[in-house]
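**Q** fold the following for me, if possible:
(one chain, ligands or ions: 1)
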Amino acid sequence: MSDTFTLDGREIPFEPGQTIIQAAQAAGAYIPHLCYHPEFAPHGSCKLCTVKVDGRQIASCTMRAAAGMTVESDTEELNAERRSLTQMLFVEGNHFCPSCEKSGDCQLQATAYHLGMMTPHYDHFFPNRPVDASHPDFLLDFNRCILCSLCVRASRDVDGKNVFALGGRGIKTHLLVDAESHQLADTDFASGDKAAEVCPVGVILPKRKGFAVPYGQRTFDTKPIADYVDVHLDSARQTPPAGGDAGDGRVCPPYSRNCATQDREGN
Ligand code: FES
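**A** Numbering: from 1, shown residues only. Prediction:
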């Protein structure tokens, strides 16, 4: 019999090594998240998945489950903080949902609906981010990037190509294409790449397929994001939370510079 912890009062079983979000999702419980993906090592950057563990806030995608933990997630306080984080993401980029090809399939938009976000609240930055239409089959619209690093991880860890990277620091952090020209056409990015399918928003878009599925019939038009928890997380496909151990139950994302027990290569 597996150990359990409680999530919002519900008993959640877990396997040794599983993170809180992995165990929750395997049990059909939704914890909002954007940079977490079951097939990749956690990145721990968006903080949408923050929960309270025994009263202390921590990202549930990088915290291993432990027997007897009391975890709170669906509370007014945590959801208000998630709403603020989501609002900041909306104003930091240029997200114009009514004209976005990803509308209805976008995890940022669906998460905002889930959290009851009614307005952006903050002033828009309106950054100037030119799109990259150089590739014959894909368009890159950097305006919608939320820096989740899923394309970076997919290209690096699955495709073995390192087409993408995050560059800059703080508010200047941005998605980079790893070519001297910074153009996607000058990389070996291809339609069969895992990186071509993981973008949770509308940055990496295939050409000649726009609006093939009408608005109103898309993924999150028919069911809210919280109802996809079982589809998102087929636990057999969950990637063990690779990376170092911070020594307090947290997983250090691979390539993290801040983990005492791993080197820069994630060992
Ligand atoms: Fe955990 Fe982004 S999903 S920090």
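
**Q** and for D3, the neighbour number?
**A** 16 (other C-beta atoms under 10 Å). From N, CA and C alone the C-beta is placed, and that goes for glycine too.

**Q** how close does it get to V251?
**A** 17 Å (C-beta to C-beta, to the nearest Å).

**Q** what does A67 give?
**A** Counting by C-beta to C-beta, the gap from A67 to V251 is 17 Å.

**Q** those two: which is more packed in?
**A** Neighbour totals were compared for A67 and V251, and V251 leads with 25 against 10 (other C-beta under 10 Å).

**Q** Three-state assignment for that one, please.
**A** strand (DSSP: H, G, I helix; E, B strand; the rest coil).

**Q** okay, it: pLDDT?
**A** Note on V251: pLDDT of 79.

**Q** so which residues on the stretch 51-200 of the chain come close to the ligand?
**A** A59, C61 (C-beta under 6 Å from any ligand atom).

**Q** which residue ranges of the stretch 51-200 of the chain form helices?
**A** Under the criterion DSSP state H, counting those that start in this stretch, the stretch 51-200 of the chain contains helices at 76-92, 107-114, 150-153.

**Q** quick one: mean pLDDT for the shortest one?
**A** For helix 150-153, mean pLDDT is 97.

**Q** now do the second one
**A** If you average the pLDDT over helix 107-114, you get 98.

**Q** now it against helix 76-92, angle please.
**A** 140 degrees (axes from the mean of the first three to the mean of the last three C-alpha atoms, to 10 degrees).

**Q** helix 107-114: which residues count as buried?
**A** Across helix 107-114, burial judged by 16 or more other C-beta atoms under 10 Å covers Q107, L108, Q109, A110, T111, A112, H114.

**Q** from the contact counts, what lies against that helix?
**A** helix 76-92, helix 219-222 (3 or more C-beta pairs under 8 Å, 6 or more residues apart in numbering; DSSP states H and E).

**Q** worst mean pLDDT among those helices?
**A** Among the helices and strands packed on helix 107-114, helix 219-222 scores lowest, with a mean of 94.

**Q** what's it in contact with?
**A** G104, D105, C106, Q109, A110, Y113, Y215, Y228 (C-beta atoms under 8 Å, 6 or more residues apart in numbering).

**Q** now for the fifth one: which residues touch it?
**A** Think A110. A110 neighbours (C-beta under 8 Å, 6+ apart): T219, F220, P224, I225.

**Q** with the first one instead?
**A** With C-beta under 8 Å, 6+ apart as the criterion, the residues that contact G104 are V213, Y215, G216, Q217, R218, T219, F220, D221.

**Q** over to the fourth one?
**A** By C-beta under 8 Å, 6+ apart, the contact list for Q109 reads H95, C97, K102, S103, F220.

**Q** could those go into TSV alongside neighbour count?
**A** Shown next, in TSV, are these (neighbours: other C-beta atoms under 10 Å):
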residue	neighbour count
H95	22
C97	15
K102	23
S103	19
F220	19
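
**Q** rewinding a little: make a markdown table out of the buried residues of helix 107-114 and add distance to Q25.
**A** As requested, those are exported to a markdown table (distance: C-beta to C-beta, whole Å):
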| residue | distance to Q25 |
| --- | --- |
| Q107 | 14 |
| L108 | 19 |
| Q109 | 20 |
| A110 | 16 |
| T111 | 15 |
| A112 | 20 |
| H114 | 15 |
